[in-house]
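J.: Show me the folded form of this:
(chains A and B)
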Number of protein chains: 2
Amino acid sequence: MTANTEHSFVAINYIDCEESYKPRFEELFSSRAKAIDKMPGFKNMEVLKPADGSAFLIVSYWDSEEAFKAWTGSPEFREGHKRGFEDIAKAKQEGKEPPMKSSFKTYSVLAR
Amino acid sequence: MTANTEHSFVAINYIDCEESYKPRFEELFSSRAKAIDKMPGFKNMEVLKPADGSAFLIVSYWDSEEAFKAWTGSPEFREGHKRGFEDIAKAKQEGKEPPMKSSFKTYSVLAR
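T.: A predicted model of the protein is given here:
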């Protein structure tokens, strides 16, 4: 490992899942649309499954904040999240709590 | 990006830093001992700086949980964290709150 002064942009989506929804959440990622992979400025992503009951982390790496924002505002983003969004909308229609809640935080790489 | 079924182990140390300690925290990493880099089973690490005031993330990737545990129990771990541990001990001696608090969570890679 060598010093890396590249200033890349990292977004982490922290996903709190209801226990009963976790198998579905994992299924969504095992068959994901890969819509993100072709976005300009996209570098890499990974989904981290917690050893305890805490949030799943969806970590994505970008050339810049602008590239990340272009993704979240794109038709590809809506398409890539379609099944999850439908699950949330269905719960809402049925007067239930959403099966997952997400919270974005963004970071820069300080050191490698 | 292709599907990756490798089951690697990820540890994230969430570091809450006092505002006044942040420059020191960043300095510690810009001049880190790189003691971790030679540990068996170590793959990669990065330090993520939050865009908001939330925790810094020290993310490390390992071949297995055993490799990670061997690191946290090693003399190299103590040596690599020496300066930060000394800062915390000094605050304690002076009857102050520690300038940073850390909390480990561990993960497996669900998808890439």
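
J.: how about the lengthiest strand in chain A: buried residues?
T.: Taking DSSP state E as the criterion, chain A has its longest strand at strand A:100-111. By 16 or more other Cβ atoms under 10 Å in any protein chain shown, the buried positions in strand A:100-111 come out as A:100, A:102, A:105-107, A:109-111. C-beta coordinates here come from the backbone N, C-alpha and C atoms, glycine included.

J.: What is the helix or strand where residue A:88 lies packed up against?
T.: Element membership for residue A:88 (DSSP states H and E) is helix A:82-93. Helix A:82-93 sits against helix A:22-30, strand A:100-111, with contacts defined as 3 or more Cβ pairs under 8 Å, 6 or more residues apart in numbering or on different chains; DSSP states H and E.

J.: Identify whichever of those lies nearest to residue A:62.
T.: Comparing the helices and strands packed on helix A:82-93 by their distance to residue A:62 (Cβ to Cβ), the top pick is strand A:100-111, with 9.4 Å.

J.: what's the closest non-adjacent residue to the residue nearest the centre of chain A?
T.: Centroid-nearest residue in chain A, with Cα atoms, centre = their mean: residue A:58, separated by 3.9 Å. Once flanking residues are discounted, residue A:58 sits nearest to residue A:13: 4.2 Å by Cβ to Cβ, 6 or more residues apart in numbering or on different chains.

J.: Might one say that the one you found is in contact with residue A:57?
T.: Yes. If you go by Cβ atoms under 8 Å, residue A:13 and residue A:57 touch, sitting 7.3 Å apart.

J.: okay, the two: which has more neighbours?
T.: Neighbour tally, residue A:13 and residue A:57, criterion other Cβ atoms under 10 Å in any protein chain shown: the higher count belongs to residue A:57, 22 against 17.

J.: What strand or helix carries the closest residue to that one other than its chain neighbours?
T.: Leaving aside its chain neighbours, residue A:57 sits nearest to residue A:48 (4.2 Å; criterion: Cβ to Cβ, 6+ apart). Residue A:48 belongs to strand A:42-50 when assigned by DSSP H and E.

J.: Within the sheet, what are the partner strands of that strand, with directions?
T.: Using DSSP bridges, strand A:42-50 pairs in its sheet with strand A:56-62 (antiparallel), strand B:100-111 (antiparallel).

J.: quick one on the thing from earlier: okay, angle between the helix holding residue A:88 and strand A:100-111 too, please.
T.: Calculated by axes from the mean of the first three to the mean of the last three Cα atoms, to 10 degrees, helix A:82-93 forms an angle of 140 degrees with strand A:100-111.

J.: Residues contacting helix A:82-93, please?
T.: For helix A:82-93, the external contacting residues (Cβ atoms under 8 Å, 6 or more residues apart in numbering or on different chains) are A:21, A:24-25, A:28, A:33, A:78, A:97-100.
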